[in-house]
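[1] Predicted structure and sequence below. I'll ask about it afterward.
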Amino acid sequence: MKMLLAAVSMFFLFAAPARAAESLLAARLADVIGRVSARVSSTAPWVQVKSGAMLAAGGEVKTEVGSGVVIVFSDGNKVFLAPRTTFAVEGATTLKTSLRLFSGRIECWVKRTNNANFAVRHRSAVASVRGTVFAMEGTDSAVKIDLFSGGLDIVDSFGRPSSLTSGQRAEVAQDTGLQGISTLPPDAVAPKEPDVAPPPPPPADMSAKDDGTPPEDKPAEDPEKQADADEPVDAPPPN
């Protein structure tokens with residue numbers, strides 16, 4: 001009997017490895033150009049921010065004409081928001097990062113890891129990646145995804161999956177789903193990765209819920225408290 005119990009214990013020891021520890025990621029706004037605003041939730045007021053402001057899960061960012069910002073996470077992943085873009089960090093942990101593009105254009109540099117899942121959602125499609133450089137440009141009803149390196153899985157608004165390989169473009173509409181996959185045109189050039197250092201991770205005593213949002217007893221900090229007290233900088237004129 002003891003031998004049987006020992007055998008069963010050894011089976012579960014090797015057959016069910018422990019889940020990797022999950023902790024929150026920090027997200028910092030860097031290289032702010034022009035007029036960039038953030039808010040802690042979809043119902044909170046927008047507040048103009050400057051480089052160095054932190055963004056917690058549930059926070060949203062928008063850029064005006066002639067403006068831009070880089071969001072850099074403590075795991076080294078980076079997202080650039082082009083002018084006239086509205087974007088949200090739904091959750092960010094060492095195992096799962098969930099972002100949302102409402103409108104505009106983003107460029108992403110995602111490091112290749114064994115455990116982390118990185119996904120960008122739009123009402124027309126969800127793009128899931130592991131170690132890649134890609135751009136995503138969307139309107140209220142459609143999205144275009146350019147993949148410059150690595151691999152990318154897409155699920156359209158009807159739940160139909162497809163995959164992109166390096167050098168391909170996918171166009172997806174909310175009402176009809178995937179429109180097609182084509183080769184990138186010659187003028188689609190891979191964006192240069194921003195040279196910004198990642199922020200340190202949050203304190204070790206901050207746990208993460210399954211959706212990557214902060215615990216209820218540690219609410220996200222209002223960007224207004226982080227914004228500089230100086231007068232806002234006017235956005236530069238569009239090119």
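    Received, thanks. Residues are numbered from 1 along each chain as shown.
[2] now the longest strand seen in the chain: mean pLDDT?
    Identified as the longest strand of the chain according to DSSP state E is strand 96-110. Strand 96-110 shows a mean pLDDT of 97.
[3] Note down every partner strand of that strand and its orientation.
    Pairing partners of strand 96-110, with direction, according to DSSP bridges: strand 78-81 (antiparallel), strand 86-92 (antiparallel), strand 117-122 (parallel), strand 132-138 (antiparallel).
[4] What's the local residue count around residue 140?
    When neighbours are defined as other CB atoms under 10 Å, residue 140 has 10 of them. All C-beta atoms are positioned from the backbone trio N, CA, C, and that covers glycine.
[5] Which parts of the chain are helices?
    Assigned by DSSP state H, the helices in the chain fall at 2-15, 223-226.
[6] Worst mean pLDDT among the ones you listed?
    When the helices of the chain are ranked by mean pLDDT, helix 2-15 comes last with a mean of 42.
[7] For the residue most central in space within the chain, list each beta-bridge partner.
    Closest residue to the average C-alpha location of the chain: residue 99 at 3.9 Å, with CA atoms, centre = their mean. As for beta bridges, residue 99 partners with residue 89, residue 120 under DSSP bridges.
[8] do the same with the one 5 residues further on
    For residue 104, the beta-bridge partners under DSSP bridges are residue 138.
[9] so where's this protein uncertain?
    Judged against pLDDT under 70, the low-scoring parts of the chain cover residues 1-20, 114-115, 204-239.
[10] Tell me who's in contact with residue 165.
    Residues near residue 165 by CB atoms under 8 Å, 6 or more residues apart in numbering: 147, 151.
[11] Oops, could you answer that again for residue 119 instead?
    Shown in contact with residue 119 (CB under 8 Å, 6+ apart): 96, 97, 98, 99, 126, 127, 128, 129.
[12] repeat for residue 71
    Contacts of residue 71 (CB under 8 Å, 6+ apart): 27, 28, 29, 30, 55, 61, 78, 79, 80, 81, 87, 89.
[13] need the contacts of residue 119 in JSON lines with distance to residue 142, can you?
    Listed next are those as JSON lines, based on distance: CB to CB, whole Å:
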{"residue": "96", "distance to residue 142": "26"}
{"residue": "97", "distance to residue 142": "24"}
{"residue": "98", "distance to residue 142": "21"}
{"residue": "99", "distance to residue 142": "18"}
{"residue": "126", "distance to residue 142": "14"}
{"residue": "127", "distance to residue 142": "14"}
{"residue": "128", "distance to residue 142": "19"}
{"residue": "129", "distance to residue 142": "20"}
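[14] Any buried residues in stretch 32-52, and which?
    Within stretch 32-52, the residues that count as buried by 16 or more other CB atoms under 10 Å are 32-40, 44, 47-50.
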